[in-house]
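A.B. asks: Predicted coordinates and the sequence they were generated for:
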Amino acid sequence: MDNERAETYLRDLAESELRRWRGRDPQGEPETTARVRAVAAAFAATGALDSAVADAVVDDLVTALDIRSPGDQRVRSMVSHIRRVHWSHRAPGAVTAAGAGPISVTPVGEVLELRDGDTDIDIYLVGAIRSRLLRCLGAGVLSRPKGSLPGRGQQQRGLPPAESPSPHPGLPGVPGDLRAVDESGQSYDLFFNGQGESTWSVGQFVLGNQGLLPRERIRLDVGNEHHSVRINLTGGPAEARVTTTLIDLSAGERYLRIRAEAMFVSGYHDIGTDLAPLAALVPALRAVGGLPEDSVPAGQIAALCRRYAVACDGIADPPAALPDRWTDLLTSEYGSWLEASGADPPPAAASLPVKFPETDGVTTVLSGLLTRGRRTTVLGAFFGAVEEGYAEGPCIWLRDDGGQWHVAKPGSWGSGGINVFAANVVPPVAASVTAVDVLIISRTAEVRASVPLTWWTS
Amino acid sequence: MNWFASLPPADAVVPCGSGTHTVRWEAGQLTLPAHPDAEAELVLGALGGDKPGCVTVAETWARHTADVAVLGVAPRCAADEVSVSWDDVAQLRDGVPPGLAQTGQMTATSTAGTRVARRVLGSAGLSARGLATASGMAENLRRQVQRIELFELLALGTALQFRLSGTVCAAWAEPAKSEERAGRRPELAAALTGRFAPAAQEWLGIDPDAVTVTLHEGPGWGTMRLTGADQARRLHASLPVGWLASVWACGLAVVDGHLVVAVEQPGYPEARVLALPSPDAAPVPTTVQAKPDGLAGLPRWELASRP
C-alpha cells in the first residue's frame, strides 16, 4: 500500500471534516472525528501508514476543533486533550498469551449459600480459570431480602478466621469478605470484577496475590467464616474439540471484516452509530490499494448501510449477502433489555469450559454461562495483548441447538495483557438450550467448538 | 520578490510584565516597539533576569516560522475564526502536567527538545524502566510543548495568524527546501487543499469536497482543470506551496470573481497578479488595489481594471 497516498487521504479527510464542523454545535465533535479516527486506525493496522503519523493527524484535527469551539468549553477541552495525549502511550511489556504459562479451565457447578448477613445471597460458581498469572472463579451473585432464598442446608462449615481480615468494597450486593483456602491451608482474598445491580451481579472472583496457587494444589474451599463450598480443580469433561479455519484475505479486507464483527460485539454503541465510521473505511482502504474490487466485506458493509439508511458515499460495491449470525442478530430483539424482577425464576447456570487455541496473539478461555430473566452472561478471559481493531478482544458468537445466533458483548477488566470478562449475550440464551456452537473470530482465523450445556440452579 | 509586500503592518497586544505591550508585524518581521533593545533583554534573561513577555513571544514566533504544524491549526479562510485568548493560554499552562507548561526551554522540532522532554518526564516521577521506554511519550511531550507555543502565537489574533501562516509557507516554498518539501508533501498538500477549497467555493460555487489540490513543483503557476457537471463537478488544481504565501495569506485568493493564481509584482495597496476568470481560461495579468476594510486583518482587494 502507498504510504504517501494514505497520509494524503487521511489529511484531506481531516480537512473535510473540519470544514463540515465549522459553525456547528461543538457537542458534535466526537462524530466529526469518528471517521478520521476510524480511517487512521485502519491505515495504521494495515500498514498503509505509520501509526505515529496516523495518531498525529487525529491529534491535529482534535486540536483544530478545540480552538474553534466557544469559550469555557474550548479551554476545558484543550487542557483535557493535552493531558490525554501527554499521558497516553502504549504500555510496554503486555503479557503474551504464551507468557501467561499453561492455561486451564475447570467446570465448578456449585452454589455458595450465604445466610449470615443482612440479605440472603446465593453465589453461582460456574468455572475456574487458572494460569501462572491469573486464578479466577466465574460467578453470578444473587442477593435478595432476608428470608427470601431457600437454603439447601448441605454446605460445610465456614472457613477458619483470616489472619488479617481485609474486606474489599465491591459492587452492591456482592460480599466483600470472601476468601478461598487451598488444601495446604493457604488463604487467598477474593476480589470481584464484574457488573450488575444490587440483586444480580456477574463477573469473576480473582484470587489475590498472597500466593500463586501452585498447580499441585487441586482443591479450594470458597466462602467466609460462616459458609463455604469445596471446589475440585481437576474435574471436568474432556476438552471440547476445536477446529480452526484460517482467513485468507488481504490485510485491508481482514481489517474491514474484523471491524464489522467488532461493531456487532461492541457493548457501548448501537450499530447505527458505528456504521458511518465503518463505511468510511471502504473508500479509504480502496484509495490506498488495500481492497480488491470484488471485496465481500465491502459488499456486506454496503448492505448494512442500505439496511440502516446510512450514507455510504464512495462505496460503489453492490450489497453482498450478510452472514447468518448478523441477520439473526439484526432480526432479533436487538438492544432490548428487560431487567429480571423478583418474580422471575431463579438464575440458571451452565459450565462452558473451553480453551481455544491462540490466534493473533490472544488465547480465549470461556468458563460458564449464567441466565437470569432476560439477561445472559458468558464469563471468560482473554490472554495476550488485544490488538487495536478488536472491540475488547476476539469476537465471540454462540449458536444454540435451535440454530439461533447470539453475540457476546464483553465488559472487561484487566491489565498487562490479561482481560477477564463478563459479556452480555444478545439475545439471551434460554436454560432449555442443551448445546452451543462457539465461534471465536479473530483477524486471521475463525475457531469453533461444540459444547454440551448442563444447566443447574439453586 | 517579497511575498509579504502585499500586506500592511498589523499589531497585536501581548501581556508583558505587569501590563500589556504592542507587538508589530511589518515587512515580514515581528518587531517589539516597546523593547527597542530586545537583544540586551535577551542576554539579561539568559543571566537569570526576568524575560519580558514580548521577548518570549518573539522567540516563540522565530521558532515556528517554518513549522508546518502552524498550518494544521491556523485559519483556512477569513470566515474560519480561530480564537485563543491570553487567558486561555494562561489556563492551559495552569492545567497541564508539571514541567510541561515551561515552554521555551525546548525547541519545537529539535532532538534537544526530546532530551528536555525526557528530563521533564523524569522530574514527573517516572521510574528508570519507564524512562527507558518513554521515547514515544517524549515525542508526545514535544508535540504538546509545541502545541502550547502554537496557542500563544494564535493568541496574537487573526491578522497575525494569517501572517504567520504566510511566513511558514514562504519558508517551505524556498528552492533550497525542495528535497525536504518532497518528504512533507501530504502535509503541504492538505494545507493547500484546506485553504484553496473554500476559495474555489467562493470562485465557482463548487462543493469544497469536490476540490483536489496537488503540490506543483517546477516552473509556471500550476494547472487548473474542471471536470464533470452538476453533482459530478470536480476541480483539480495543482499549485505551488508559495501560492499560500504570496496569494492566500495576503487575502488575494479571489478578487472580484477571479481566482488569483500568482503574484507578478507584490505591493500594497497595489499589486500585479495573474488571475483566472474561469477554470478553462488562461491567466491574465491584472492590477489589483487594496481597500482597508477586509476581514480577518487582511486587505480587501479589487480589480483596478478589468482584464
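C.D. replies: Yep, it's here. Numbering: from 1, shown residues only, chains lettered A, B, ... in the order given.
A.B. asks: from here on, contacts and neighbour counts on C-alpha atoms
C.D. replies: Will do.
A.B. asks: host element of residue B:194?
C.D. replies: Assigned by DSSP states H and E, residue B:194 belongs to helix B:185-204.
A.B. asks: Stretch B:222-234 - what's its average pLDDT?
C.D. replies: For stretch B:222-234, mean pLDDT is 94.
A.B. asks: returning to what we had before: measure how far the helix holding residue B:194 is from the centre of its chain, please.
C.D. replies: Remark: helix B:185-204 is offset 14 Å from the chain centroid, using C-alpha atoms, centre = their mean, to the nearest Å.
A.B. asks: swap in stretch A:233-249?
C.D. replies: 19 Å.
A.B. asks: Can you pull out the residues in contact with it?
C.D. replies: With contact meaning C-alpha atoms under 8 Å, 6 or more residues apart in numbering or on different chains, stretch A:233-249 is reached by A:106-108, A:128, A:218-220, A:254, A:353-354, A:356, A:443-451.
A.B. asks: do the helix holding residue B:194 and chain A meet at all?
C.D. replies: Yes - part of helix B:185-204 sits near chain A under the criterion C-alpha under 8 Å from any C-alpha of the partner chain, namely B:185-187, B:189-190, B:193-194.
A.B. asks: so can I have JSON lines of those showing neighbour count?
C.D. replies: Shown next, in JSON lines, are the residues of helix B:185-204 next to chain A (neighbours: other C-alpha atoms under 10 Å in any protein chain shown):
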{"residue": "B:185", "neighbour count": "18"}
{"residue": "B:186", "neighbour count": "23"}
{"residue": "B:187", "neighbour count": "21"}
{"residue": "B:189", "neighbour count": "23"}
{"residue": "B:190", "neighbour count": "27"}
{"residue": "B:193", "neighbour count": "28"}
{"residue": "B:194", "neighbour count": "28"}
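A.B. asks: just curious, which of those residues is nearest to chain A?
C.D. replies: Relative to chain A, the closest of the residues of helix B:185-204 next to chain A is residue B:186; by C-alpha to the nearest C-alpha it sits at 4.5 Å.
A.B. asks: Give me the pLDDT for that closest one.
C.D. replies: Reported pLDDT for residue B:186: 97.
A.B. asks: After the helix holding residue B:194, which helix or strand is next? Please name it.
C.D. replies: Next helix or strand after helix B:185-204 toward the C-terminus (DSSP H and E): strand B:211-215.
A.B. asks: For the nearest residue to residue A:162 once chain neighbours are set aside, give its distance to residue A:174.
C.D. replies: Using C-alpha to C-alpha, 6 or more residues apart in numbering or on different chains and skipping residues adjacent in sequence, the residue nearest residue A:162 is residue A:187, 7.6 Å away. For residue A:187, the distance to residue A:174 (C-alpha to C-alpha, to the nearest Å) stands at 19 Å.
A.B. asks: Smallest gap between the stretch 51-200 of chain A and chain B, at which residue?
C.D. replies: With C-alpha to the nearest C-alpha as the measure, residue A:64 is the residue of the stretch 51-200 of chain A nearest to chain B, at 4.9 Å.
A.B. asks: ok but that residue is inside a helix, no?
C.D. replies: Yes - using DSSP: H, G, I helix; E, B strand; the rest coil, the secondary structure at residue A:64 is a helix.
A.B. asks: give me phi/psi at the residue nearest to it when sequence neighbours are not counted?
C.D. replies: With sequence-adjacent residues excluded and distances taken as C-alpha to C-alpha, 6+ apart, residue A:64 is closest to residue B:73, at 4.9 Å. Main-chain torsions, residue B:73, degrees, to the nearest 10: phi -110, psi -30.
A.B. asks: Strands of the stretch 151-300 of chain A, residue ranges please.
C.D. replies: In the stretch 151-300 of chain A, the strands defined using DSSP state E, counting those that start in this stretch lie at A:179-182, A:187-196, A:200-207, A:219-223, A:228-232, A:242-246.
A.B. asks: Quick one: those strands as JSON lines, columns for mean neighbour count, distance to residue A:361 and mean pLDDT too.
C.D. replies: JSON lines is the format used below for the strands of the stretch 151-300 of chain A (neighbours: other C-alpha atoms under 10 Å in any protein chain shown; distance: least, C-alpha to C-alpha, whole Å; pLDDT from 0 to 100):
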{"stretch": "strand A:179-182", "mean neighbour count": "22", "distance to residue A:361": "31", "mean pLDDT": "90"}
{"stretch": "strand A:187-196", "mean neighbour count": "22", "distance to residue A:361": "24", "mean pLDDT": "88"}
{"stretch": "strand A:200-207", "mean neighbour count": "25", "distance to residue A:361": "23", "mean pLDDT": "91"}
{"stretch": "strand A:219-223", "mean neighbour count": "22", "distance to residue A:361": "31", "mean pLDDT": "91"}
{"stretch": "strand A:228-232", "mean neighbour count": "20", "distance to residue A:361": "30", "mean pLDDT": "91"}
{"stretch": "strand A:242-246", "mean neighbour count": "13", "distance to residue A:361": "14", "mean pLDDT": "94"}
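A.B. asks: So which of those strands is nearest residue A:288?
C.D. replies: Across those, the minimum distance to residue A:288, taken as C-alpha to C-alpha, is reached by strand A:242-246, at 24.8 Å.
A.B. asks: So what are the sheet partners of the closest one and their directions?
C.D. replies: When pairing is defined by DSSP bridges, strand A:242-246 lines up against strand A:445-452 (antiparallel).
A.B. asks: Report the distance from stretch A:418-429 to the chain centre.
C.D. replies: The chain centre lies 6 Å from the centre of stretch A:418-429; the measure is C-alpha atoms, centre = their mean.
A.B. asks: and what of stretch A:14-22?
C.D. replies: With C-alpha atoms, centre = their mean, you get 33 Å for stretch A:14-22.
A.B. asks: hmm, it in reach of chain B?
C.D. replies: Yes - counting by C-alpha under 8 Å from any C-alpha, chain B has neighbours in stretch A:14-22: A:15-16, A:22.
A.B. asks: what about the spatially most central residue of chain B, which helix or strand?
C.D. replies: In chain B, the residue lying closest to the centroid (C-alpha atoms, centre = their mean) is residue B:165, at 1.5 Å. Using DSSP H and E, residue B:165 maps to helix B:158-173.
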